[in-house]
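# Predicted structure and sequence below. I'll ask about it afterward.
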Amino acid sequence: MNVLPEMPEHGGQVELLMRAFPDAPEPFIDLSTGISPYPYPFGEVRQSDLTRLPEQGEEERLLNAAMRAYGVRSPELIVAGSGTQLLISLLPYVLERKKVVLLGPTYSGHATAWRHAGADVHVASDMDTFSEEAAQPGCVGVLCNPNNPDGRHHDPLDLLALAERCARVDSCLVVDEAYADFENHISVAGHIPHSSLVVLRSFGKSYGLPGVRLGFLLATEALIERMRKMLGDWAVGTAAITIGCKALDDREWLDRQKVPLDHAMQRFLALCRRRNLPVVGHTCLFALVRTHEAPDLWSHLCKNGIVTRFFADRPTDIRFGLPRCEADWARLEKGLNAWRP
């Protein structure tokens, strides 16, 4: 198989990818993202939410809803932006550090953001090395918990101990908790404010609404104020505020999603076992398959109209999201059963 010369940096971009497979059946099935296949039922978008700018009181209600959802002490410790990716891109200019260590392999958006800002970026492959480098004076350590794309978890007590080490030398620990909504026991968000701890939380993944473009940064009041000034006025649109407030306060709905998501993931893992596909890690929203036949499998699925996440820099890895419906499950099972490595 010939891998495309330039793979997209992130999941999605289905139309772009599928130009290379003009004979693939439609509709295409996008399993390339770790987004919940079960979107929050927010109802209709009000026309008034699209014809006016948000009021200050609405923005304050959104931050209060996020405060309750993430267990933060005050809304003054939270800033909202139009997606976590925007906050990640601006964070290097808020923290103003030039030495960064990432615990990898992980979400590529972090390395891209810091490199674009002119930082010296190093990727550590194990937690001991990462911790030692992150606790160097003036350094920033960035990790995802749980990790994307392999689902690795880190004990929050270990992360808090590392944050304390960072505080003693004026370094900083950034924890991206984009996939922590269904695993709140590993979150360190409740320990904000902490002088050397920054937390990112995503909205669209767990609520199945990436198009809403909503994410949150949790940090000290001083850092939040700097990010708020950098974002400027009306950083989140009125419709996103309305949907976000409703969804974040509906904890019962979010708790109910864990059961069907766990069942769906177990179904996928069973399918992988039947096809002898080794899964090296997973959350309830995505799983990482590792095989030397990954390029061929990725191409085979694309030819069947199924898009997964292939990593050009790690050509043994494919990340799978979850199908939305029985028709999508049937096509995935048929595609995998037809694959001959």
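Yep, that arrived.
# what number of residues lie near residue 187?
Using other C-beta atoms under 10 Å, residue 187 has 20 other residues around it. Heads up, the C-betas are built off the backbone N, CA and C, glycines and all.
# Kindly report the same for residue 41.
10.
# so who does it touch?
By C-beta atoms under 8 Å, 6 or more residues apart in numbering, no residues touch residue 41.
# Buried residues in stretch 250-257, which are they?
250, 254, 257 (16 or more other C-beta atoms under 10 Å).
# Excluding chain neighbours, what is closest to the last one?
In space, and not counting its chain neighbours, residue 257 is closest to residue 38: 6.0 Å by C-beta to C-beta, 6 or more residues apart in numbering.
# I'd assumed residue 260 was in contact with that neighbour.
Yes: using C-beta atoms under 8 Å, residue 38 makes contact with residue 260 at a distance of 6.5 Å.
# Same list, the buried residues of stretch 250-257, but as TSV with pLDDT please.
What follows is these, written out as TSV (pLDDT from 0 to 100):
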residue	pLDDT
250	98
254	97
257	97
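# Which of these fall within strands?
Among those, no residue falls in strands (DSSP state E).
# packing partners for the helix or strand containing residue 63?
Per DSSP states H and E, residue 63 falls inside helix 56-70. Other elements packing on helix 56-70 under the criterion 3 or more C-beta pairs under 8 Å, 6 or more residues apart in numbering; DSSP states H and E are strand 78-81, strand 197-202, strand 215-218, helix 238-248.
# Check which helices and strands the first one is in contact with.
Packed against strand 78-81 by the contact rule (3+ C-beta pairs under 8 Å, 6+ apart) you find helix 56-70, helix 84-95, strand 215-218, helix 221-231.
# Next, the contact list for residue 234, please.
53-54.
# Tell me the secondary structure at the residue nearest the centre of the chain.
The centroid of the chain falls nearest to residue 178 when counting by C-alpha atoms, centre = their mean (4.1 Å). Classification of residue 178 by DSSP: H, G, I helix; E, B strand; the rest coil places it in coil.
# Quick check: pLDDT value at it.
Here the pLDDT value assigned to residue 178 is 98.
# Pretty sure it sits against residue 83.
No: look at residue 178 against residue 83 with C-beta under 8 Å: they stay out of range, at 10.7 Å.
# can you list residues touching both of those two?
residue 202.
# quick one, helices of this protein?
Along the chain, counting by DSSP state H, helices occupy 14-18, 56-70, 84-95, 108-116, 127-134, 156-168, 221-231, 238-248, 251-274, 294-303, 326-338.
# any chance of those in TSV, with distance to residue 45 too?
What follows is the helices of the chain, written out as TSV (distance: least, C-beta to C-beta, whole Å):
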stretch	distance to residue 45
helix 14-18	24
helix 56-70	15
helix 84-95	21
helix 108-116	27
helix 127-134	42
helix 156-168	36
helix 221-231	23
helix 238-248	5
helix 251-274	18
helix 294-303	33
helix 326-338	25
